[in-house]
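Novice: pasting the sequence and the predicted coordinates here, then a few questions.
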Amino acid sequence: MQDKNTPLAMAIAAATGIYSGVLQAEVDDNVAFALEEVVVTAQKRTQSINDVGITMNAFTGEQLRDQGVYTAEDLAVHTPGLSATTNSTTGVPVYTIRGVGFQDYSTSASSTVGLYLDEISIPYTVMSRGALFDVARVEVLKGPQGDLYGRNTTAGQINFVSNRPTEEFEAGFTASYGRFDVVDVEGYVSGSLTDAVQGRLAFKTTQSGEGWQESVSRDDELGEKDLMALRAMLNVDLDDSKSLLLRAHWVNDESDNQAPMVYDGTELHGSPGFGRTGNDLDGNPITPIYSDNDSRAADWNPGLWKPRRDNTLKGIGLNFNWDINDDLSFTAIAGIDSFDRNEWSDWDGMAYLDSNINNITEVDTQSLELRLASNGNLDFTWVAGIYVSNDEVNEDYRYNMQESRFAVFGRADTVYEQETESSAVFGHAEWQLADQWRLTVGARYTEEERTWQGCTIIFDTCFFLDAENRGEVFKDTLEVAKWMGKITLDYELNEDILVYGTLSNGFKSGGFNGAAALTHAQLAPYTEEELVNTELGIKATLLDGRMQLNAAAFWYDYTDKQERERKPTQLGALGGQSNVPESRINGAELELKWLIAEGLNVNLGVAYLDTKVEKWAAIDAENSAPPPAEPVTFDASGLELAQSPEWQYNGSINYEWSVGDNLVMGVATDFSYTSEVTGVSGIRADVTRVEDYWLWGARASLGSVEGDWKTTLWVRNLTDEYYYPAAIGGGNATYVRINGMPRTFGVTLDYSF
């Protein structure tokens, strides 16, 4: 008999309980109301999400605001199969879809998940913070999508689509006040400037008067927010067939960074840490302070190396559209972005200078996409184009360890520069073979070159040791030329049910270690990874449009997966990268949207993953002698992949009803569950194991029938669950966890003119 207390059973009970136990709503099958249609542009043209043979999730801007999604990382809580974590303290988010992710905290590491803002690539995940404001829609596409999107990736895509300028005057704002004195305000104004020109200006600011983390060693707080963002858009109708959309954006973030918390590793590891940390600057022995089950507990260095950031992103974009004739259109998309940061982070979770990092970074990116597309004939549509990009990363990665057991070095500065040039040609076609059959084919050919050079400087000397233990600058170039493609066959069982099957492949180019290193072996490039996806799915509109049921099953053949791997050095086992020769991922997903009664919505998502390393002779760095000795390896086959929870559930229940003639009241709850997962590297599952956790939220709202204003009271992490999305080896001496936020609550006012 099935256990009624399993997470899935609890989620289903929660979703159905409101219906059967609270409202007892009785719905006549002939009632004329239905779910709102969601329109997406996943295939570079406007389509209903239910007509696209792609497994994807889409969220409107209103849904994101209601669910408290303020960052790209927040999106994962509401998307089955998506993980967004910070697996280090360097402020670099790591995105994983269906177990496909690269658990690297280096600034210069490209993501396996393609990130796009208004069709312009965000090549490095550190640039994605602060992107979510004045958003029309977010689309999460699962599986390789290489035939239509610019950068080569293996996991899928996340598309952030901003609200466009309008012809009619519009203006509005959203203001929130929450626990820890957090004030979040965003607003916009939009309308016509002339008969042919429309503009839109949007802004966002997040400020807080106190930090949410509390030091375990002194009276001190961390976690204050100080973020400002602006976006301006100008749409120019050049004539009846041509339009030009110009975009400029600016984001400045001077918030505190999060500090990790040391946890006692005795139960898992037999000792409370990697070893004695060392002595403080007064010569006193350093002993970590442990704290479990307290979300706010943490510690950090309070001086110059206090965790904080001073980051600025600025850029411009251009989108030119020309309807050449009734059958052909031309689109040009160009983007230039510049990202500068001066960011401090604390890896050891202590008040001492054991493992403290300062990243001084400059990232410059440019991209151009030109494409032709068919117009009019929906029985045969096609898109073809070219894509080119160039980006440069320059970074000084300063590692301070004055009070660690390696205090003899004091500080190690890794200074490097990386340049990447990429170009591609692509084509995509959709052909209505018959009334019920539709064939989609796509292909992309990509060439990429990535050059890296740098050195770790200790005592004003380059300390990158080559095979003969000579300190020399490391320089290398990676070149790759690959085809990607897909074929999808859709079958419309009837006008409400779509069945589809897809065979696709994708690749992600290789790269280099952008973190602190001592040996050339740590910097040896990891090569490109490849993934072949076989997928079957169904999208069914049921109950006269009141229910949408989507499901998919997939089988991934994963070759040369990029993964972090510790390497032996003169100072013990330190970080590096490698490739896992053979892995596989099997899984399934389900999404249910049900309009039970007018005003009563239930949403439920489920994702299941079964991952396995099938072949990998991994390095046993702890038991290997330093170079030039050959490292000891062990058979790592059978391990699970990192950030691949077996189960993920998420859902929401929303009910709205009229109060008199002019008001609408609503109540809602949302939930998510993530099962136990290996956090950073499959070969260190004991250190990086993350326990399963539930998160619940609730809100109550009152607004006008016209929708021009709404006030919402909200609570997030309703049960004050102690959870930690990431656990890592914290520098030289400790094991640390990066805790999730405790219970927060507040009020939000939405008003539009």
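Specialist: It's in.

Novice: only C-alpha atoms for contact and neighbour calcs from this point on.
Specialist: Noted.

Novice: which stretches of the stretch 551-700 of the chain form helices?
Specialist: Applying DSSP state H, counting those that start in this stretch to the stretch 551-700 of the chain gives helices spanning 685-688.

Novice: got the residue ranges for the strands in it?
Specialist: 567-569, 572-574, 577-597, 600-615, 617-619, 633-635, 647-659, 663-674, 677-678, 689-690, 693-704 (DSSP state E, counting those that start in this stretch).

Novice: start to end distance for stretch 372-381?
Specialist: 11 Å (CA to CA, to the nearest Å).

Novice: identify the residues contacting it?
Specialist: Stretch 372-381 is contacted from outside by 326-331, 382-385, 429-433, using CA atoms under 8 Å, 6 or more residues apart in numbering.

Novice: tell me which residues of that stretch are tucked away?
Specialist: L372, A373, S374, N375, F380, T381 (16 or more other CA atoms under 10 Å).

Novice: sorry, back to before: which of the strands of the stretch 551-700 of the chain sits closest to S404?
Specialist: Among these, the nearest to S404 by CA to CA is strand 572-574 (13.8 Å).

Novice: quick revisit: what is the nearest of the contacts of stretch 372-381 to G587?
Specialist: Using CA to CA, E430 is the member of those that lies nearest G587, at 26.9 Å.

Novice: where does that closest one land in three-state SS?
Specialist: strand (DSSP: H, G, I helix; E, B strand; the rest coil).

Novice: again with Q522
Specialist: Strictly by three-state DSSP, Q522 counts as helix.

Novice: residues contacting it?
Specialist: Residues in contact with Q522 (CA under 8 Å, 6+ apart) are N513, K567, L574, G575, G576, Q577.

Novice: same check, this time on C462
Specialist: C455, T456, G471, E472, V473.

Novice: sort out for me which of these are in strands.
Specialist: Using DSSP state E, the members of the contacts of C462 that fall in strands are C455, T456.

Novice: where is pLDDT lowest across the contacts of C462?
Specialist: Across the set of the contacts of C462, G471 stands lowest in pLDDT, at 67.

Novice: about what we covered before: dump the buried residues of stretch 372-381 to a markdown table, plus distance to W594 and secondary structure.
Specialist: As requested, these are exported to a markdown table (distance: CA to CA, whole Å; DSSP: H, G, I helix; E, B strand; the rest coil):
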| residue | distance to W594 | secondary structure |
| --- | --- | --- |
| L372 | 39 | strand |
| A373 | 36 | strand |
| S374 | 36 | strand |
| N375 | 35 | coil |
| F380 | 33 | strand |
| T381 | 32 | strand |
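
Novice: can you name the two of these that sit furthest apart?
Specialist: The farthest-apart pair in those, when distances are taken by CA to CA, is L372 and F380, at 14.2 Å.

Novice: re the thing from before, and which of the buried residues of stretch 372-381 is nearest to L35?
Specialist: Closest to L35, out of all of the buried residues of stretch 372-381 and judged by CA to CA, is T381, at 28.0 Å.

Novice: quick one: the closest one from Q432, how far?
Specialist: Computed as CA to CA, the T381 to Q432 distance reads 9 Å.

Novice: okay, and E62 sits in which element?
Specialist: Secondary structure from DSSP states H and E places E62 in helix 61-66.

Novice: and the next element down the chain from that helix?
Specialist: By DSSP H and E, the next helix or strand past helix 61-66 is strand 82-85.

Novice: let's see that following strand as CSV, backbone CA atoms only.
Specialist: Extracted in CSV, the C-alpha atoms of strand 82-85 (Å, rounded to 0.1, in the frame of the first residue of the first chain):
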residue,chain,number,x,y,z
LEU,A,82,15.2,23.3,-13.1
SER,A,83,17.8,23.9,-10.5
ALA,A,84,19.4,27.3,-9.8
THR,A,85,22.0,27.3,-7.0
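
Novice: quick one: mean pLDDT over the helix or strand following it.
Specialist: Downstream of strand 82-85, the next assigned helix or strand under DSSP H and E is strand 94-97. Throughout strand 94-97, pLDDT has a mean value of 89.

Novice: which strands and helices sit next to whichever helix or strand comes after strand 94-97?
Specialist: Going down the chain from strand 94-97, the next helix or strand is strand 113-117, by DSSP H and E. Here strand 113-117 touches strand 94-97, strand 156-162, going by 3 or more CA pairs under 8 Å, 6 or more residues apart in numbering; DSSP states H and E.

Novice: any idea which of those strands is most buried?
Specialist: strand 94-97 (a mean of 26; mean count of other CA atoms under 10 Å).
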